[in-house]
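> Sequence and predicted structure, then a few things I'm wondering about:
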Number of protein chains: 2
Amino acid sequence: MKKLLIIGGVAGGASAAARARRLNEEAEIIMFERGEFVSFANCGLPYHISGEIPERSALILQTPASFKSRFNVDVRVQQEVIAIDKVAKTLLVKNLITGEQYSESYDALLLSPGAAPITPPIPGLNTPLTFSLRNIPDMDRILASVKQSRPRHVTVVGGGFIGLEMMESFHALNIEVTLLELSNQVMAPVDIEMANMLHSEILAKGIDLRLNTGLASVEQTSSGLSLFLSNGESLDTELLICAIGVKPETRLAVDAGLVIGELGGIIVDEMMRTSDADIYAVGDAVEEFDLLTGEKCLVPLAGPANRQGRIAANNIFGGSASYKKTQGTAICRVFDLAIASTGLSEKRLAKTEIPFDKVYLHGASHASYFPGAHPISLKLLFNTDNGKILGAQALGRDGVDKRIDVLAVAIRAGLTVYDLQEMELTYAPPYGSAKDLLNQAGFVATNSLKGETCLCHSADIDARDDSQVLLDVRNPGELLKAGSIAGAINIPLDQLRERLNELPRDREVLVFCQVGLRGHVAYRMLVNHGFKVRNLSGGFKTYQAVTA
Amino acid sequence: MKKLLIIGGVAGGASAAARARRLNEEAEIIMFERGEFVSFANCGLPYHISGEIPERSALILQTPASFKSRFNVDVRVQQEVIAIDKVAKTLLVKNLITGEQYSESYDALLLSPGAAPITPPIPGLNTPLTFSLRNIPDMDRILASVKQSRPRHVTVVGGGFIGLEMMESFHALNIEVTLLELSNQVMAPVDIEMANMLHSEILAKGIDLRLNTGLASVEQTSSGLSLFLSNGESLDTELLICAIGVKPETRLAVDAGLVIGELGGIIVDEMMRTSDADIYAVGDAVEEFDLLTGEKCLVPLAGPANRQGRIAANNIFGGSASYKKTQGTAICRVFDLAIASTGLSEKRLAKTEIPFDKVYLHGASHASYFPGAHPISLKLLFNTDNGKILGAQALGRDGVDKRIDVLAVAIRAGLTVYDLQEMELTYAPPYGSAKDLLNQAGFVATNSLKGETCLCHSADIDARDDSQVLLDVRNPGELLKAGSIAGAINIPLDQLRERLNELPRDREVLVFCQVGLRGHVAYRMLVNHGFKVRNLSGGFKTYQAVTA
């Protein structure tokens, strides 16, 4: 390997360039970036708009000069590669400042072009007040517009990571925000009931959240923009952020005849090599394989891009590193909450042949008697044949990242819910519980698999008939405060043993409490007294989230 | 099973009682506790002394009444079991209030007696101003003494969990604290260099920390206590906390002829059964097996006790649950820092046949460009034959629990440092980094195992000879601020490629930077230019900790 050319100078490309130089001191390494910046913190852009990251310079992690001095990499910013000749092994490059074009040869080529914001074909969308956010110039433009026009109201289209972060950023700037989301939930990787808990938080912060609502057309007015929505309503706003998703940047790859997959990403093998043996590709532009289903997927996240860049560099310089599929671990901060997930969601599992069940837990981030404990809601999905953990989602103020990280490793290692019972996690009152929420999730799922509990879910409650009776074992004070489910008998758990005669023995008892724990104690008591019973997993708190 | 008796009503006993009732509604369950309280939060006691947990009542998780109403368990507090007759299957019980003695029969017996503070044979130790902390009455006595005598100075003997927490609690009450520790470090589960970083924090808070110093004798004086130390010095203090460790409470078990192990704990099989088929034992009183070495150990921690109680109850009621050995995961908050560990330490590994190496990393708790990132120092120990993770220790303000939990699961699952490279952990700027510290630890250890880096450690630096040269690649400003190692040549990394001729080609270069990352870049550059090189793992920061 004499000469490595890299197209794209952010996460995957920058990682590959640094790794390549560490592996080989002799090779010529040139990195082309059509933008002005390389190796910037794209995940930090929304937080500079909000002011939470005060210094713009903090977002620029490396410069062409620093790459040159440290890694002897020739970084050519504002130079766009306009064609790949894979037979001649040359690139045609255009200098965007001078307009000059030139050719550059390679021995190996790495594509790290990323993914571009999707701009839907909405009439009138393209206005001077319409923005998307991909890079530092985009951020600068949004900040300039905010500074100049001082909008009182902004509309964000799309409830994914960037949409949610932009919503939060504008809210932090005391600007009213409408969030439009075409589907019935924000944060697509999680299931609807987990998203519903997030919707509550978003609404509580005063955001005008409109689900099941798309943008139909846009008209510029004297005072800003008029938005016409898919539901026939209209809305006046002063700034529009389009964040409905991204698509792989594949024009160069397509033109060069590289194989593109059904999802629109560049096809690579596990060594990150494209259909051309001398061309590698990494990051948001490539199709990956899902760890659990084996299906193709697109994962436009920073972590995989960085690791793939490193792997591609290894292989270009004679190594044999392979990318081990993806499980799509993700997290997003939304106001005071974190929402995170790893592995498969229920809606994705429902489309597979995998036999699965789910449990819900609502517990404290650390020992509840120690100050600062906050509730965490956890959904755990597992294989009912072998107990393997398939996916997890969590929401809360604190400790969500920790629980999902632990489960991400557990999924990666092929662990089961049985193993989860035994996990020895750090415990001291400020950090966890002697029986951590994750141990408890293992207990509940194991009980279910071993037949020591029989769980039901909200859909079962709503579909109940006259052969069943609904039992609420919470205390009357809790019912007054939080409400209950219509038709439920209320017998507080601590009175249940004495009041069994109030329950019909010829009907199945569907029992619930607030989060599922007392329901389980009641379940066991009733089963041991000969009743037929099921316990509502996650209790009334989950029921409320499901039926919100 | 008709009748289950439980001795000890805190973590293991209380967990077993609740689980037993959930499994069986008919059995008679009686729990004996010689103290006044059952199921109290013993890990919270120091934090009520400091006032951080304001309400004493928050520490009492269950009462005899709540156990009765919810679980139909007959809780007998202030009743001490004074003998077990394992042939007759009866207990002799003494009511500590009335003095009355009576016999109670059992079908199964569970011992959860816990461990008692060790009171060393120090002349004069037992004074009205000497305390240990095991339970709520101990806590009440300490609080009463503090309130009454308003000490200006307290001495804590022992730098383990309780000693450190008590040190912090008294400091929070604006009382001067001397901490005496017989060994050369506090927090025995971690290695000396990690403990040294904690010593710095302790000293910075104004604690009079005296390592390698034991308590030889105590004399009561008119104004308090005079302490005579092992080093010949003496010390006046007004209150003395003895926290040098705990030993299993085995008197009942010994008297009953149950088998006791070499470490002084009750011997149980993996079903938590003692040498008597009808007697089970759990918690701080039993000997466990280490997950990685298979050796016997004592693990007086709340998590294992709770899980063992559950397992014993399962087995008593016909199940076949087994306790899966222990890896000793632990964490302690010490002022603004958390220190945590899992698996084996270097000092324990040094006593085994396991071939191992170590890497040190110092990185940020989350993306360094996002506000609130704090440094984490991580030590990772791994098997050099197969890459398996053997142990980890970490120290920092934030995110320490998360990293150690992830590594605890990785160890439990038998994962390797290679796997660590691939871990897909949650990443958004407030929570982590695109290449998390754990991924980086995987990179460094993998590089080492694959020969892509050759690491050295502080001992190698100190043992260097004329055939070697020491190279500091930090910037001169860093050296001015933090110092360097005597005799090191300083060539900043970004100038190194141009100044290679300043380095001797006939000597091995021992290179270092502040934390090890730039040292690695320098290492690769130098190796690729034909030098013989090693890079100091963890850089100057680790060197300082080792040589503190």
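All right, it came through fine. Note that the structure is predicted; figures quoted are calculated from it, not measured.

> Now do the contacts for the residue nearest to A:R34 when sequence neighbours are not counted.
Here the nearest residue to A:R34 in space, its sequence neighbours aside, is A:E80; by Cβ to Cβ, 6 or more residues apart in numbering or on different chains that works out to 3.7 Å. All C-beta spots, glycine's among them, are computed from the backbone N, C-alpha and C. The neighbours of A:E80, taking Cβ atoms under 8 Å, 6 or more residues apart in numbering or on different chains as the test, are A:F32, A:R34, A:V93, A:K94, A:L96.

> Determine the number of other residues adjacent to the closest residue in space to A:V473 that isn't next to it in sequence.
On the basis of Cβ to Cβ, 6+ apart, the spatially nearest residue to A:V473 that is not a chain neighbour turns out to be A:L493, at 4.2 Å. Residue neighbour count, defined by other Cβ atoms under 10 Å in any protein chain shown, stands at 21 for A:L493.

> Next one, pLDDT for A:L493 please.
Looking at A:L493, its pLDDT reads 98.

> isn't it right up against A:H520?
No: taking contact to mean Cβ atoms under 8 Å, the distance of 10.1 Å between A:L493 and A:H520 leaves them out of contact.

> In contact with A:M423, which residues?
Residues touching A:M423, when contacts are defined by Cβ under 8 Å, 6+ apart, comprise A:V406, A:A410, A:D436, A:L438, A:N439, A:G442, B:A408, B:V409, B:R412.

> same deal with A:K86?
Applying Cβ under 8 Å, 6+ apart, one finds that A:K86 lies in contact with A:A256, A:G257, A:L258, A:D276, A:D278, A:I279.

> Repeat that for A:E55.
Neighbouring residues of A:E55 by Cβ under 8 Å, 6+ apart: A:H48.

> what's the closest of the contacts of A:M423 to B:C43?
Out of the contacts of A:M423, the one with the shortest distance to B:C43 is A:D436. That distance is 13.2 Å, counting by Cβ to Cβ.

> what's the closest non-adjacent residue to the closest one?
By the measure of Cβ to Cβ, 6+ apart, the closest residue to A:D436 outside its immediate chain neighbours is A:L425, 5.0 Å from it.

> how many other residues sit next to A:Q440?
The tally of other residues near A:Q440 (other Cβ under 10 Å) stands at 19.

> Could I get the full set of strands for the stretch 401-548 of chain A?
A:455-456, A:468-472, A:489-490, A:508-512, A:533-536 (DSSP state E, counting those that start in this stretch).

> returning to what we had before: over to the residue nearest to A:R34. Which of the three states is it?
Classification of A:E80 into helix, strand or coil gives strand, according to DSSP: H, G, I helix; E, B strand; the rest coil.

> Which pLDDT value belongs to it?
Taken from the predicted model, the pLDDT recorded for A:E80 is 97.

> where does the stretch 251-400 of chain A come near chain B, residue by residue?
A:301-307, A:310, A:323-324, A:326-333, A:338, A:340, A:342, A:367, A:369-371, A:400 (Cβ under 8 Å from any Cβ of the partner chain).

> one step back: how much space is there between the residue nearest to A:R34 and chain B?
Per Cβ to the nearest Cβ, to the nearest Å, A:E80 is found 25 Å from chain B.
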